[in-house]
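Trainee: fold the following, please.
(chains A, B, C and D)
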2 protein chains.
Amino acid sequence: MRYRRIPDETIKRLPVYLRGAIRLAEESVRRASSKELAEAVGVNPWQIRKDFSYFGGFGTPGVGYDIDKLIRQIRRILRLDVTRRAALVGVGNLGAALLAFPRFALYGLEIAAAFDIDNRKIGTRRGGVVIEDVAGLQTIKQRGIDLGIITVPGGAAQEVADKLVGVGIRGILNFSSRYITVPRTVKVITIDIAMDLARLSYYLPSG
Amino acid sequence: MRYRRIPDETIKRLPVYLRGAIRLAEESVRRASSKELAEAVGVNPWQIRKDFSYFGGFGTPGVGYDIDKLIRQIRRILRLDVTRRAALVGVGNLGAALLAFPRFALYGLEIAAAFDIDNRKIGTRRGGVVIEDVAGLQTIKQRGIDLGIITVPGGAAQEVADKLVGVGIRGILNFSSRYITVPRTVKVITIDIAMDLARLSYYLPSG
DNA sequence: GTTTGTGAATAGTTTCACAGCA
DNA sequence: TGCTGTGAAACTATTCACAAAC
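Mentor: Next up, the predicted model:
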């Protein structure tokens, strides 16, 4: 395998493969060919093989992929072999739902702290964490947190992002309705649910 | 403008432009150049101009883009000029949060019905709709609903997708942890929050 | 002078086809 | 024989540079 830059699209698919592999493992599947994997995750076989080839290939010719090994390898590439801790800012409806979200642990993720500005919420418990005043954001780096989740209203998003960057966060998941500006060293992934639903509308047959 | 197939990536950016334009309108901005728009939405100017050019171009050379006209045009392209109605299936934490989500109306979207299998939830009101038994899914097409939102646990996702497709839904937003198989005439957009957080981990500086 | 719209050039991604290994 | 890994080909998307419009 010669070195080539790894396509961003490949990185986007790795969690999809991980999710599929974990599910197969739960169903006690030990081995799968790229064709079988393809069926489980909805990506075609040659795409899967190509993606894995960027990392040297995980499979055995004539046999396929060992599911447990695959899970370990993808976890390692995504740096999820050690549990990643995230801080969530903004415990509204969506924020509270994420705090109660059961799926994070499966991927080696944990929401380890939650912050809000509402005094009525501060000090109360939600899904395993006690909600803190945003002033406490200062402390998150010492607490081993290196991901931020923004679930505040659009108007407050940039300010929160600045704070997160200020305390040394390098990765932000932004659920707010605003585009946020950060230094180039910080990676932002945006999830705007309303926007995705809006996009879906485009594909509908006219009428 | 010669006809060319519209890139999928362009379609993905249209809601981003719409979101940015709506925000500028709220701030009473009447006109913006591609450069100003670029700053507001985080996409570079030539990309914006190219994207708009697929639809014939919306601007005036030497002047820029009229914000109100831009909003109308993008709404029309995304077929959001008439309010789109969606049915949500699975009123758990995430489902309930989406029912209370304020942002949909801005894009001409409305969650017009919610379904669950839990008798304790059925009949109760959440964010403007009364939760119905999933058996009632049969009726949604008559009620002018043509989008589906799946917020059920992974194990039930395919079954719900089949039901939605069975009653004539052509667009599905899938929040579940499973890849779902649908006929080619149906468009599925997947949002897996845990997966996106997992991907974010990859971009973190090692340590 | 300013800013759009777009063909051409560049860059990036997917698909193919098959050599090579189990 | 069956399946992986990968160079090369085909395709798709982004960036550039500038003519045309205001």
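Trainee: show me where chain A has helices.
Mentor: A:8-26, A:34-41, A:45-53, A:67-77, A:93-99, A:154-166, A:193-202 (DSSP state H).
Trainee: how about those helices in TSV, adding mean neighbour count and mean pLDDT?
Mentor: For the C-beta atoms, the positions are set from N, CA and C on the backbone; glycine is no exception. Output for these, formatted as TSV (neighbours: other C-beta atoms under 10 Å in any protein chain shown; pLDDT from 0 to 100):
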stretch	mean neighbour count	mean pLDDT
helix A:8-26	19	97
helix A:34-41	18	98
helix A:45-53	17	98
helix A:67-77	18	97
helix A:93-99	23	97
helix A:154-166	17	98
helix A:193-202	22	96
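Trainee: could I get these as a markdown table with distance to residue B:143?
Mentor: As requested, these are exported to a markdown table (distance: least, C-beta to C-beta, whole Å):
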| stretch | distance to residue B:143 |
| --- | --- |
| helix A:8-26 | 33 |
| helix A:34-41 | 34 |
| helix A:45-53 | 39 |
| helix A:67-77 | 43 |
| helix A:93-99 | 25 |
| helix A:154-166 | 31 |
| helix A:193-202 | 17 |
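Trainee: how long is stretch A:127-140 end to end?
Mentor: End-to-end distance of stretch A:127-140 (C-alpha to C-alpha, to the nearest Å): 18 Å.
Trainee: endpoints of stretch A:107-126, how far apart?
Mentor: OK, stretch A:107-126 end separation, C-alpha to C-alpha: 21 Å.
Trainee: ok now it, how far from the chain's centre?
Mentor: Distance of stretch A:107-126 from its chain centroid, counting by C-alpha atoms, centre = their mean, to the nearest Å, is 18 Å.
Trainee: that stretch: which residues count as buried?
Mentor: The neighbour-count check on stretch A:107-126 (16 or more other C-beta atoms under 10 Å in any protein chain shown) flags A:107-116, A:121-122, A:126 as buried.
Trainee: same check, this time on stretch A:167-180
Mentor: A:167, A:169-180.
Trainee: let me see the confidence value for the nearest residue to residue A:108 once chain neighbours are set aside.
Mentor: The shortest distance from residue A:108 to any non-neighbouring residue, by C-beta to C-beta, 6 or more residues apart in numbering or on different chains, is to residue A:80 (3.9 Å). As predicted, residue A:80 sits at a pLDDT of 96.
Trainee: for residue B:196, which of the helices of chain A is the nearest?
Mentor: Judged by C-beta to C-beta, the one of the helices of chain A that comes nearest to residue B:196 is helix A:8-26, at 7.6 Å.
Trainee: close to DNA strand D, is the closest one?
Mentor: No: judged by C-beta under 7 Å from any atom of the strand, helix A:8-26 stays clear of DNA strand D, getting no closer than 9.8 Å.
Trainee: next, the angle helix A:67-77 makes with that helix.
Mentor: 140 degrees (axes from the mean of the first three to the mean of the last three C-alpha atoms, to 10 degrees).
Trainee: is helix A:8-26 anywhere near chain B?
Mentor: Yes: using C-beta under 8 Å from any C-beta of the partner chain, helix A:8-26 reaches chain B at A:11-12, A:14-16, A:18-20, A:23.
Trainee: can I get these in CSV with distance to residue A:35?
Mentor: As requested, the residues of helix A:8-26 next to chain B are exported to CSV (distance: C-beta to C-beta, whole Å):
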residue, distance to residue A:35
A:11, 23
A:12, 21
A:14, 19
A:15, 21
A:16, 16
A:18, 19
A:19, 18
A:20, 13
A:23, 17
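Trainee: from these, which single one is nearest chain B?
Mentor: Chain B lies nearest to residue A:15 out of these, by C-beta to the nearest C-beta, at 3.9 Å.
Trainee: with adjacent residues omitted, what lies nearest to that closest one?
Mentor: residue B:195 (3.9 Å).
Trainee: and for residue A:155?
Mentor: residue A:178 (7.8 Å).
Trainee: looks like the one you found contacts residue A:157 (just checking).
Mentor: Yes: with contact defined as C-beta atoms under 8 Å, residue A:178 and residue A:157 form a contacting pair (4.5 Å).
Trainee: the residue nearest to residue A:108 and DNA strand C, how far apart?
Mentor: In this view, residue A:80 and DNA strand C are 21 Å apart by C-beta to the nearest atom of the strand, to the nearest Å.
Trainee: and if you look at residue A:72?
Mentor: 20 Å.
Trainee: let me see the contact set for that residue.
Mentor: Shown in contact with residue A:72 (C-beta atoms under 8 Å, 6 or more residues apart in numbering or on different chains): residue A:81.
Trainee: go again using 6 Å as the cut-off
Mentor: With C-beta atoms under 6 Å, 6 or more residues apart in numbering or on different chains as the criterion, no residue contacts residue A:72.
Trainee: residues making contact with the longest strand that chain A contains?
Mentor: Criterion DSSP state E: the longest strand present in chain A is strand A:109-116. By C-beta under 6 Å, 6+ apart, the residues outside strand A:109-116 that reach it are A:83-89, A:91, A:99, A:129, A:131-132, A:134, A:145, B:197.
Trainee: just the buried ones from the residues you listed?
Mentor: Buried subset of the contacts of strand A:109-116 (neighbour count, 16+ other C-beta under 10 Å): A:84-89, A:91, A:99, A:129, A:131-132, A:134, A:145, B:197.
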